[in-house]
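Colleague: structure of the sequence below:
(2 chains)
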There are 2 protein chains.
Amino acid sequence: MEEEMNKPLILVTNDDGVNAKGIAALVEIVKPFGEIVVVAPLHGNSGMSHAITVKVPIRYKKIKEVDNVTVYGCSGTPVDSVKLAMSEILKRKPDLIVSGINHGSNASVSIIYSGTMAAVIEGCIYGIPSVGFSLLDYSNDAEFSPIIDHGKKIVENVLKNGLSYGTCLNVNFPAIPKHEIKGFKVCRQAKGMWKEEFDKRLDPRNGEYFWLVGYFENTENGATDTDEWALSNNYVSIVPVEIDFTDYNKIDELKKWNYEI
Amino acid sequence: MEEEMNKPLILVTNDDGVNAKGIAALVEIVKPFGEIVVVAPLHGNSGMSHAITVKVPIRYKKIKEVDNVTVYGCSGTPVDSVKLAMSEILKRKPDLIVSGINHGSNASVSIIYSGTMAAVIEGCIYGIPSVGFSLLDYSNDAEFSPIIDHGKKIVENVLKNGLSYGTCLNVNFPAIPKHEIKGFKVCRQAKGMWKEEFDKRLDPRNGEYFWLVGYFENTENGATDTDEWALSNNYVSIVPVEIDFTDYNKIDELKKWNYEI
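Modeller: Next up is the predicted model:
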């Protein structure tokens, strides 16, 4: 019992839903390091970003308890799941929050739309070391086995070195065989954007409706210190992310504006 | 006609919905500066953050055209509204995107949950000068008249000086009479967090459900350079916000970790 109490408590969540293949892979990564509790959305929440549920109440239920891992499903978003875990489900403050493994990239500006990374940022606001993992393969049956050991190395580092308040990690894995992964790169978020196109259709009553479609455009000019560069060159990318969005470099410039009314 | 073409095109959006009192106040602020098109959610989207709608299609409709202001309602989120405006509704790229005036504060970490500021960040990703406005009054009938002139001063500055790529503005107004507003403060995002509590209830079938409730806690120790300080001292707060979330100060430290597998 005492030994159990000393093991790190690790909260696992995601945005693809509690039954996604990626969250099972993430449990496999963290299981050797501590006591594992999973609290994740019951259904897919891709693109939900940092949304919280305020118009309807939320619920959660225990889904299973297998091999010392307890799994809860939450009716809300990834951020709801973290808040509910922190306030209602976990018996003590977790030592680590991990989110993912996302089915698809969260590199560059995709972090802004990502439910996976929103859960991580929420953990960081709570002052808990938090890490998001994503694999560059959007398919439901993506192959996570090549990156298990790389994921463990990150978790080992975070538990050993900690993360200071206000900083969390955005880790992305290339979708390639393990022997082709060249290693890790600590890097910055690449400049880029999602170029949107809308697929316009007509419903049976002739009403127009639109499906959001789009593609990512990297707007860097050959810089080699970005997550997009690392990933396309077969490295695991690690971007330290901060929850203070202030653009400190602009403060002096803005102070020079004319504010006289 | 030519004169019309030379006027700045200003896109107005919000997260409280196209019929909110705050967006009417924002239209009043920007109207002297250009050609105004409103594209905003049909219904309230508070707390939706940077969510995009991917599971269902979205629609929009023209609601009215009054006094040269065209108003469209969108079935999706604030970010959907910006994307739809950019891709389908606006005839040309806007010169400015403004969002709000939010009914309630978006200072400190509230920016992370805010649909109002998500629309601004989205505009910034598109490379358009973008500004979010919020009043520290959550009520539907909040009084916006005291801050109209202060809002105009910000818009005048942004149109005159521009905003460089990757930077947008988070402007918050104290909810006080105009003569009590001391002026403007350019500041940083205060450290803080929403302390959550869940209101646990039982449905008629004895099932537990939870309403998210919470209160903001400022965790600064008396610092005077934050948005929270400015607002509680009767200043309008202006925080420059960046869309690059990289914590550059941590890159060297993370490079020293042991990555050997």
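
Colleague: which SSE is immediately downstream of the helix ranked longest in chain A?
Modeller: Once chain A is assigned using DSSP state H, the helix that runs over the most residues is helix A:148-161. Scanning the chain past helix A:148-161 towards its C-terminal end, the next helix or strand to appear is strand A:167-173 (assignment: DSSP states H and E).

Colleague: and that following strand, what does it pack against?
Modeller: helix A:115-125, strand A:130-135, helix A:148-161, helix A:227-232, strand A:235-242 (3 or more C-beta pairs under 8 Å, 6 or more residues apart in numbering or on different chains; DSSP states H and E). Where C-beta positions appear, they are placed from N, C-alpha and C, glycine not excepted.

Colleague: switch these over to JSON lines; also include distance to B:Lys64, mean neighbour count and mean pLDDT.
Modeller: As requested, the helices and strands packed on strand A:167-173 are arranged in JSON lines below (distance: least, C-beta to C-beta, whole Å; neighbours: other C-beta atoms under 10 Å in any protein chain shown; pLDDT from 0 to 100):
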{"stretch": "helix A:115-125", "distance to B:Lys64": "35", "mean neighbour count": "29", "mean pLDDT": "97"}
{"stretch": "strand A:130-135", "distance to B:Lys64": "43", "mean neighbour count": "29", "mean pLDDT": "98"}
{"stretch": "helix A:148-161", "distance to B:Lys64": "53", "mean neighbour count": "17", "mean pLDDT": "98"}
{"stretch": "helix A:227-232", "distance to B:Lys64": "43", "mean neighbour count": "23", "mean pLDDT": "98"}
{"stretch": "strand A:235-242", "distance to B:Lys64": "42", "mean neighbour count": "24", "mean pLDDT": "98"}
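
Colleague: for those, which one sits closest to B:Asn45?
Modeller: For B:Asn45, the closest of those is helix A:115-125, at 15.7 Å, according to C-beta to C-beta.

Colleague: C-alpha coordinates for the closest one, PDB please?
Modeller: Presented in PDB, the C-alpha positions along helix A:115-125 are these (Å, rounded to 0.1, in the frame of the first residue of the first chain):
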ATOM      1  CA  GLY A 115      -8.200  19.100 -28.200                       C
ATOM      2  CA  THR A 116      -5.300  16.900 -27.300                       C
ATOM      3  CA  MET A 117      -3.000  19.900 -26.700                       C
ATOM      4  CA  ALA A 118      -5.800  21.800 -24.900                       C
ATOM      5  CA  ALA A 119      -6.000  19.100 -22.300                       C
ATOM      6  CA  VAL A 120      -2.200  19.500 -21.900                       C
ATOM      7  CA  ILE A 121      -2.400  23.300 -21.600                       C
ATOM      8  CA  GLU A 122      -5.200  22.900 -19.000                       C
ATOM      9  CA  GLY A 123      -3.000  20.500 -17.000                       C
ATOM     10  CA  CYS A 124      -0.200  23.200 -17.200                       C
ATOM     11  CA  ILE A 125      -2.600  25.900 -15.900                       C
END
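
Colleague: once you drop chain neighbours, what's closest to A:Val186?
Modeller: With sequence-adjacent residues excluded and distances taken as C-beta to C-beta, 6 or more residues apart in numbering or on different chains, A:Val186 is closest to B:Leu254, at 4.4 Å.

Colleague: hmm, A:Pro240 and the one you found touching each other?
Modeller: Yes: taking contacts as C-beta atoms under 8 Å, B:Leu254 lies within contact range of A:Pro240: 5.8 Å.

Colleague: would you map the strands across chain A?
Modeller: Secondary structure of chain A, counting by DSSP state E: strands at A:9-13, A:35-41, A:60-66, A:69-74, A:96-103, A:130-135, A:167-173, A:183-186, A:192-202, A:208-218, A:235-242.

Colleague: what would those strands look like in JSON lines with distance to B:Gly34?
Modeller: Formatted as JSON lines, the entries for the strands of chain A read as follows, by distance: least, C-beta to C-beta, whole Å:
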{"stretch": "strand A:9-13", "distance to B:Gly34": "44"}
{"stretch": "strand A:35-41", "distance to B:Gly34": "42"}
{"stretch": "strand A:60-66", "distance to B:Gly34": "48"}
{"stretch": "strand A:69-74", "distance to B:Gly34": "44"}
{"stretch": "strand A:96-103", "distance to B:Gly34": "40"}
{"stretch": "strand A:130-135", "distance to B:Gly34": "40"}
{"stretch": "strand A:167-173", "distance to B:Gly34": "38"}
{"stretch": "strand A:183-186", "distance to B:Gly34": "44"}
{"stretch": "strand A:192-202", "distance to B:Gly34": "24"}
{"stretch": "strand A:208-218", "distance to B:Gly34": "26"}
{"stretch": "strand A:235-242", "distance to B:Gly34": "35"}
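
Colleague: quick one: closest of the ones you listed to B:Thr13.
Modeller: Checking these against B:Thr13 by C-beta to C-beta gives strand A:192-202 as the closest, at 15.3 Å.

Colleague: can you pull the buried residues of that closest one?
Modeller: When burial is assessed from 16 or more other C-beta atoms under 10 Å in any protein chain shown, strand A:192-202 yields the following buried residues: A:192-194, A:196, A:198.

Colleague: residue contacts, the closest residue to A:Asn106 other than its chain neighbours?
Modeller: Counting by C-beta to C-beta, 6+ apart, the nearest residue to A:Asn106 once its immediate chain neighbours are dropped is A:Ser134, at 4.2 Å. Contacts for A:Ser134 (C-beta atoms under 8 Å, 6 or more residues apart in numbering or on different chains) come out as A:100-102, A:104-107, A:114, A:116, A:170-173.

Colleague: just give me the neighbour total for A:Arg92.
Modeller: A:Arg92 is surrounded by 8 other residues when neighbours are defined as other C-beta atoms under 10 Å in any protein chain shown.

Colleague: which pLDDT value does the model give it?
Modeller: According to the prediction, A:Arg92 has pLDDT 96.

Colleague: and A:Glu3, by the same measure?
Modeller: Among the per-residue scores, A:Glu3 holds a pLDDT of 47.

Colleague: for A:Gly47, same thing?
Modeller: What the model reports for A:Gly47 is a pLDDT of 84.

Colleague: so it touches B:Met48, yeah?
Modeller: No: between A:Gly47 and B:Met48 there is no contact, the gap being 11.0 Å when judged by C-beta under 8 Å.

Colleague: which of the buried residues of strand A:192-202 are close to chain B?
Modeller: For chain B, the contacts drawn from the buried residues of strand A:192-202 by C-beta under 8 Å from any C-beta of the partner chain are A:193-194, A:196, A:198.

Colleague: by pLDDT, give me the weakest of the residues you listed.
Modeller: Among these, A:Glu196 carries the weakest pLDDT, at 75.

Colleague: where's that residue relative to B:Asp15, distance?
Modeller: In this structure, A:Glu196 lies at 19 Å from B:Asp15, with C-beta to C-beta, to the nearest Å as the measure.

Colleague: same question for A:Lys182.
Modeller: When distances are taken as C-beta to C-beta, A:Lys182 and B:Asp15 turn out to be 43 Å apart.

Colleague: quick one, which of those two is more surrounded?
Modeller: Neighbour totals were compared for A:Lys182 and B:Asp15, and B:Asp15 leads with 33 against 12 (other C-beta under 10 Å).

Colleague: ok, the more buried one - contacts?
Modeller: B:Asp15 sits next to B:41, B:44-46, B:48, B:77-78, B:99, B:102, B:114-116, B:118-119 when contact means C-beta under 8 Å, 6+ apart.

Colleague: what about 6 Å?
Modeller: If a contact means C-beta atoms under 6 Å, 6 or more residues apart in numbering or on different chains, then B:Asp15 has B:45-46, B:78, B:115-116 as its contacts.

Colleague: got JSON lines for the residues you listed, with distance to B:Lys7 too?
Modeller: Formatted as JSON lines, the contacts of B:Asp15 follow (distance: C-beta to C-beta, whole Å):
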{"residue": "B:Asn45", "distance to B:Lys7": "29"}
{"residue": "B:Ser46", "distance to B:Lys7": "32"}
{"residue": "B:Pro78", "distance to B:Lys7": "25"}
{"residue": "B:Gly115", "distance to B:Lys7": "28"}
{"residue": "B:Thr116", "distance to B:Lys7": "25"}
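
Colleague: what's the closest of these to chain A?
Modeller: Each of the contacts of B:Asp15 was scored against chain A by C-beta to the nearest C-beta, and B:Ser46 proved nearest at 6.4 Å.
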